[in-house]
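Undergrad: A predicted structure for the sequence below; I have some questions about it.
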Protein chains: 2
Amino acid sequence: MAEQKDLLERFYSVIPAGGIGSRLWPLSRADAPKFLHDLTGSGSTLLRATWDRLAPLSGPDRIMVVTGRAHRAAVEAQLPQLTDANVVLESEPKDSSAAIGLAAAILVRREPDVIIGSFAADHVIADIRGFRRAVVEAVAAADAGYIATIGITPTEPAIGFGYIHCGPRLDIPAAPSAVMVDSFVEKPNLVTARGYVASGDYLWNGGMFISRADVLLAQLGETEPDLLAGLTELAEAWDTPRRGAVVDRVWPGLPKIAIDYTVAEPAAKAGRLAVIPGEFDWDDVGDFAAIAKLHSGGRKSDLAILGENARVLADASTGIVISQTGRLISLIGVTDIVVVDTPDALLVTTSANAQRVKAVVDALKLSGRSDVL
Amino acid sequence: MAEQKDLLERFYSVIPAGGIGSRLWPLSRADAPKFLHDLTGSGSTLLRATWDRLAPLSGPDRIMVVTGRAHRAAVEAQLPQLTDANVVLESEPKDSSAAIGLAAAILVRREPDVIIGSFAADHVIADIRGFRRAVVEAVAAADAGYIATIGITPTEPAIGFGYIHCGPRLDIPAAPSAVMVDSFVEKPNLVTARGYVASGDYLWNGGMFISRADVLLAQLGETEPDLLAGLTELAEAWDTPRRGAVVDRVWPGLPKIAIDYTVAEPAAKAGRLAVIPGEFDWDDVGDFAAIAKLHSGGRKSDLAILGENARVLADASTGIVISQTGRLISLIGVTDIVVVDTPDALLVTTSANAQRVKAVVDALKLSGRSDVL
């Protein structure tokens, strides 16, 4: 118990709050990204809920948020306990390797044996206890030198998530459920997904990484030495008056690449990646079908309604309505429908077409109609 | 030819512009009834198109419009040639017997042998020549003492219209196609409608009535003597300074009843109703399915878009979008859809459910949400 406590005292949460969530347009926008929305109807934004999940683990003064300059005010409004030292602002998005890598590089200079855990700002987990149990084991695996991830035990053959293929069991006393990661696999088709679930050897990839900051940076440096050099230069200047000048010079040139390719997959190949199977619920709420499912509990007969001022009159209709206006929304005889009503854009589709929303966003970009993006 | 011209010189058009068009909510509203909308995409409101159809027949100075006080400004803006003498304002709606009856009573005092024709302000007819041919015959039948109606030769077994059962051929030289009306029948089911169309003995009831004003009033008086007495009192005061006082006293007490029951059906029973079969297109545009059909020409594969400032991005979607806002409307994978986007209310339904829109309006009335009606 004493050991676990000591380990958690070295733990630092990192929340990269970056992605817009294009599949959730027109709800999610450049100026109102997914993590700033309450998609669960809990009253909390996804970012705030992520903070509330992590604060009991690392303490509220040990949560670092990496976000775009444009979102600073909105993020600080959501997280009043967030201190200046824990805010890392990106002048432009550089994907997760740079975001998490910079947090690691800053934190390791402040605290050489720090263990960091990065958790997306826009995922949903209701079972905080189950989440906590998994993080505690992941921190122990990190202390043992592994880069650890948390894989979620699948409850269905989802085709919208990536999977982790588990390898042999590891022997880490404080992380009894840890197993080696054999490999990461991309989103499968339904037949393959069914096979994965039936085998019991696969977990959903929740994109959570827990490791010593120095171990993570070393792994990153093996794949992307220039990125590591840039991050190191930034970190050295970070807590000095030179920060601004160095950021302006170095950040724009950093490569834009996901941490999956620079850290997770190389570490898995090198036998350095451990996974803790998590028994808790988890969803990345990647599209409107996921939101609808979240609210209906899987029942097809419901109409879910989101929005503080939503006024909906529905007759023989199912699906989801998300209202950001005070307009009356009337549905008659439409099933599995998705209606997203915002002041300047309206989306009408079905859950079955939810993944195609991104294509519309791409079409809007191409046609120059970025005023609604 | 000379005789026809003489007859048309006695012809006066009456346009009752009253109904809101509840099945077209939220497009049609108490303050923006159906007849004030351009539902065909022609650039003209239905009222204006009705005027333009009638002006060549009766002359623009012989068209009387009966409408609600609240719509006076909008009606006059649509019809700049409408003179004060041709405007009849209702202080409250009293249905078609009072509206058309009052017009008849006013006109017969001004011009004893006047032949009036009443035509709804919110129907669609594209074939003006075919319409004209039918009206000319109807005027001749009226001159011969009949109350005449124009029945439209069905092009399909429609279930949304009432039908006219034709009786024996009449022998009116200037109205060679006139036949007796045997009876009126309510909206049939599909099987019955198919039988009607196959028999060749049935026409759609377009609700157009052409007769001498004195004949129409006499028929009305047989069924509703009190109504006739009220209308006569109003007409006597109409072109005098007493008009306002008499309207205030008499109008509120008039019975609310459709002209079908007070004139058309009793006249048919009495053998006084002639029908001219019209070969022209006609639609009462009773619901959104009718509008969609009007625009697609019956093709199921189209997406019709109405609205001057409509911005629509559609992918694999069919049906109709009516936009009264400048908002971007995006549709993905929705078929046969109806989307009506107005500043304060949004409707999402399908053509198949178009007739159910009225039930929503009724529900809104009951729940006190008349702000959007």
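TA: In hand now; what should we look at?
Undergrad: Secondary structure element for the residue lying closest to residue A:363 once chain neighbours are set aside, which one?
TA: Leaving aside its chain neighbours, residue A:363 sits nearest to residue B:313 (6.5 Å; criterion: Cβ to Cβ, 6 or more residues apart in numbering or on different chains). (C-beta placed from N, C-alpha, C; glycine too.) Per DSSP states H and E: residue B:313 is located in strand B:311-315.
Undergrad: Direction included, what does that strand pair up with?
TA: If you go by DSSP bridges, strand B:311-315 pairs up with strand B:328-332 (parallel).
Undergrad: Now the element after the partner strand, going C-ward?
TA: Assignment by DSSP H and E places the next element after strand B:328-332 at strand B:337-341.
Undergrad: sorry, back to before: what's the separation between the residue nearest to residue A:363 and residue B:265?
TA: 50 Å (Cβ to Cβ, to the nearest Å).
Undergrad: next one: residue A:209
TA: Taking Cβ to Cβ, one finds residue A:209 at 80 Å from residue B:265.
Undergrad: can you pull the buried residues of whatever helix or strand residue A:138 lives in?
TA: Taking DSSP H and E as the criterion, residue A:138 maps to helix A:128-143. Using 16 or more other Cβ atoms under 10 Å in any protein chain shown as the test for burial, helix A:128-143 gives A:130-143.
Undergrad: chain center to that helix: distance?
TA: Taking Cα atoms, centre = their mean, to the nearest Å, one finds the center of helix A:128-143 at 17 Å from the center of the full chain.
Undergrad: ok, now stretch A:120-139?
TA: 12 Å.
Undergrad: Excluding chain neighbours, what is closest to residue A:128?
TA: residue A:53 (5.6 Å).
Undergrad: Quick check, that neighbour in contact with residue A:131.
TA: Yes - between residue A:53 and residue A:131 there is a contact at 6.2 Å, judged by Cβ atoms under 8 Å.
Undergrad: So for these two, which residues contact both of them?
TA: Shared contacts of residue A:53 and residue A:131, defined by Cβ atoms under 8 Å, 6 or more residues apart in numbering or on different chains, are found at residue A:125.
Undergrad: Now the stretch 151-300 of chain A against chain B: closest residue?
TA: Residue nearest to chain B within the stretch 151-300 of chain A (Cβ to the nearest Cβ): residue A:288, separated by 10.2 Å.
Undergrad: residues contacting that residue?
TA: Residue A:288 neighbours (Cβ under 8 Å, 6+ apart): A:23, A:24, A:320, A:322, A:338, A:340, A:349, A:351, A:354, A:357.
Undergrad: before we move on, back to that, what pairs with the residue nearest to residue A:363 across the strands?
TA: residue B:330.
Undergrad: Summarise which helices and strands the helix holding residue A:138 is packed against.
TA: Under the contact definition 3 or more Cβ pairs under 8 Å, 6 or more residues apart in numbering or on different chains; DSSP states H and E, helix A:128-143 sits against helix A:2-9, helix A:46-58, strand A:115-118, strand A:147-152, strand A:202-212, strand A:273-278.
Undergrad: okay, now residue A:31: neighbour count?
TA: 12 (other Cβ atoms under 10 Å in any protein chain shown).
Undergrad: pretty sure it contacts residue A:70?
TA: Yes - assessed by Cβ under 8 Å, residue A:31 is found in contact with residue A:70 at 6.7 Å.
Undergrad: Could I have the CA atoms of the strand holding residue B:313 written out in CSV?
TA: Taking C-alpha atoms only, strand B:311-315 is exported to CSV below (Å, rounded to 0.1, in the frame of the first residue of the first chain):
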residue,chain,number,x,y,z
ARG,B,311,-27.6,26.5,-48.8
VAL,B,312,-27.8,22.7,-49.0
LEU,B,313,-25.1,20.1,-49.1
ALA,B,314,-26.7,16.7,-49.8
ASP,B,315,-25.1,13.2,-50.1
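Undergrad: how far away is residue A:222 from residue A:262?
TA: Going from residue A:222 to residue A:262 by Cβ to Cβ gives 9 Å.
Undergrad: how many other residues sit next to the residue nearest to residue A:81 when sequence neighbours are not counted?
TA: Of all residues not flanking residue A:81 in the chain, residue A:60 sits nearest, at 4.5 Å (Cβ to Cβ, 6+ apart). Number of residues near residue A:60 (other Cβ under 10 Å) recorded here: 17.
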